[in-house]
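A.B. asks: okay, here's the prediction I keep looking at, along with the sequence it came from:
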Amino acid sequence: MSSTLFYIDDKPYTVEEHNSIIRLNGTLYDVNIKQLTDEEYSVIVDGETYHIFFHNSNGVYATINNRTFRIREHSLREQLAERFLQTADEHAYSVTFYAPMPGLVTKVNVHQGKNVNEGDGILVVEAMKMESEIRTSKAGVVKKIFVNEKQTVEKGDPLFTIE
């Protein structure tokens, strides 16, 4: 049985899959999935039918019965980093920022323990000879920096946590 952590509209869902049985956040469901096109699926969950269309537009989105959700899969690396670095109290008050694209970290502007304001530039990632400054959307203290200058990152890799 494989297990994956997904965030759908920033709500966590643990999905365990074995044959046509799926356990979603601990609850078992009988699922039948039929792929209609590369992006389109018909899914029957416990007798109820859903039409799902996946699309990429600055992230992965799924439209399910005419309602659109943002979907982000948590890599094993991210899951382990969260479990190792955050306690229950820290999780409630901290935000981890992730690489929006693969690239090379060319500059880290802050150090752990530094106070930052919303909108401050924390680091710079270069991708295809274009530099993108990664800014924080939360004021607080830099709790953890996961990367160093001259380090390559993949899309979705954790970059830093603000508490």
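C.D. replies: Ah, there it is.

A.B. asks: low pLDDT regions in this structure?
C.D. replies: Scanning the chain for pLDDT under 70 picks out 1-3, 9, 19-20, 57-59, 73-93.

A.B. asks: domain map for it?
C.D. replies: If you go by automatic domain parsing, the domain ranges for the chain are 2-74, 86-162.

A.B. asks: same list, these, but as JSON lines with mean neighbour count please.
C.D. replies: (Glycine included, C-beta is placed from N, CA and C.) Below are these laid out as JSON lines (neighbours: other CB atoms under 10 Å):
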{"stretch": "domain 2-74", "mean neighbour count": "12"}
{"stretch": "domain 86-162", "mean neighbour count": "15"}
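
A.B. asks: wait, His111 sits on Ile145?
C.D. replies: Yes: the pair His111 / Ile145 is scored as a contact, 7.3 Å apart, by CB atoms under 8 Å.

A.B. asks: now for the residue nearest to Met101 when sequence neighbours are not counted: which residues touch it?
C.D. replies: In this structure, Met101 finds its nearest non-sequential neighbour in Ala127, 4.9 Å apart by CB to CB, 6 or more residues apart in numbering. Contact partners of Ala127, counting by CB atoms under 8 Å, 6 or more residues apart in numbering, are Met101, Pro102, Gly103, Leu104.
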